[in-house]
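In: sequence isn't available, so here's the structure alone:
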RNA sequence: GGUUCCUUGGCCGAGUGGUUAGGCACCGGUCUGCAAAACCGUCUACAGCAGUUCGAAUCUGCUAGGAACCU
């Protein structure tokens, strides 16, 4: 049976190393589900696989986009599925690995078809938000899509804005596009979660940030500073430097502290998301034997 | 030894008699197209003891710790 092995877990838990060994053992390629490693030029800060690692196993969605390109989970679903389909023609296994919750979700469960919002509508809604504030957008949503109005987190301007944008774009309520059903995939999905005791995970994250600094994260961030307004750089490890150069952070020591802290926050959010998914089988990354056995014991 | 001042929850920090200031961290949570994003919740402290008062973090005294200055 064609099987997609989904290797997921919080940042810094040790997915990359394991994914390569696993892929080699299974004769599989690796499809990255990482919304930041997909960009070129921020390899250090995103802990992207090294050239050596990339040479060991074919990788997809690593460094495939420029910092100025916009990308989304919805687009990823389409692109990733296409790649996965192609890979299954040559192997029974494909390893999907990464920490971008929504990207993984998009591949495993699918997202509803929501049209891309035109620049005009986006600009219009953004303008309303800027000039009249969130309250006005909330009122608009109440009018345009009372159903969704009752469900969204009204304090979260991103979500309110998006819902309003889509309503205006399609001329009907956003909620009419939401099916709340999982898409069926023509392959089996096996989710393997990687986690460590919290103190251990945080210690690794802290150490990894120190290594990034030693590897030249500051220089890398400085190099991409001109592109800071792109979504690709609304990223932990970069925005903290931008704030420093913009005079919003007092010292470099503080920058490093913030990067560590924000990375830990990110890990926590990932775990919160993954913990809801009861189909995940969890392992400690060091327990590779158990993981291998688990995969070996999967029914044909 | 003397004088004056200080002591608030993990950290910062407001509050001079009468709801649990607030911020950050920690912890927990939300999540269908910018998701390494955006957002939400919880955490009831006032150095200790005694007293004044209907009522004290806020007033008084003593004790402890700290700071500055004097001898």
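Out: Looks like it came in fine. These numbers were taken from a predicted model, which means no experiment stands behind them. Residues are numbered from 1 along each chain as shown, chains lettered A, B, ... in the order given.
In: buried stuff in stretch A:17-32?
Out: Using 16 or more other Cβ atoms under 10 Å as the burial criterion, the residues of stretch A:17-32 that qualify are A:18-20, A:22-23, A:26, A:28-32. Using the backbone N, CA and C atoms, a C-beta is placed for each residue, glycine as well.
In: which members of those are the farthest-apart pair?
Out: Farthest-apart pair in the buried residues of stretch A:17-32 is A:26 and A:32; separation 16.2 Å (Cβ to Cβ).
In: for chain A, longest helix please?
Out: With residue count as the measure and DSSP state H as the assignment, chain A has helix A:252-275 as its longest helix.
In: pipe the buried residues of stretch A:17-32 into a markdown table and attach secondary structure, pLDDT and distance to residue A:222 per row.
Out: As requested, those are exported to a markdown table (DSSP: H, G, I helix; E, B strand; the rest coil; pLDDT from 0 to 100; distance: Cβ to Cβ, whole Å):
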| residue | secondary structure | pLDDT | distance to residue A:222 |
| --- | --- | --- | --- |
| A:18 | helix | 97 | 32 |
| A:19 | helix | 97 | 30 |
| A:20 | helix | 97 | 30 |
| A:22 | helix | 97 | 36 |
| A:23 | helix | 97 | 34 |
| A:26 | helix | 96 | 40 |
| A:28 | coil | 97 | 37 |
| A:29 | strand | 98 | 34 |
| A:30 | strand | 98 | 30 |
| A:31 | strand | 98 | 31 |
| A:32 | strand | 98 | 25 |
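In: can I get those residues in JSON lines including distance to residue A:84?
Out: Formatted as JSON lines, the entries for these read as follows, by distance: Cβ to Cβ, whole Å:
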{"residue": "A:18", "distance to residue A:84": "19"}
{"residue": "A:19", "distance to residue A:84": "15"}
{"residue": "A:20", "distance to residue A:84": "18"}
{"residue": "A:22", "distance to residue A:84": "16"}
{"residue": "A:23", "distance to residue A:84": "13"}
{"residue": "A:26", "distance to residue A:84": "14"}
{"residue": "A:28", "distance to residue A:84": "11"}
{"residue": "A:29", "distance to residue A:84": "9"}
{"residue": "A:30", "distance to residue A:84": "11"}
{"residue": "A:31", "distance to residue A:84": "6"}
{"residue": "A:32", "distance to residue A:84": "12"}
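In: pull up the distance across stretch A:23-32, start to finish.
Out: The separation between the terminal residues of stretch A:23-32, taken as Cα to Cα, to the nearest Å, is 12 Å.
In: whoops, stretch A:165-183 was the one
Out: 25 Å.
In: and it, which residues are buried?
Out: Of all the residues in stretch A:165-183, those buried under the rule 16+ other Cβ under 10 Å are A:165-169, A:173-175.
In: what does that stretch rub up against?
Out: Stretch A:165-183 has contacts (Cβ atoms under 8 Å, 6 or more residues apart in numbering) with A:109-110, A:112-115, A:117-118, A:121-122, A:124-125, A:141, A:144-148, A:151, A:163.
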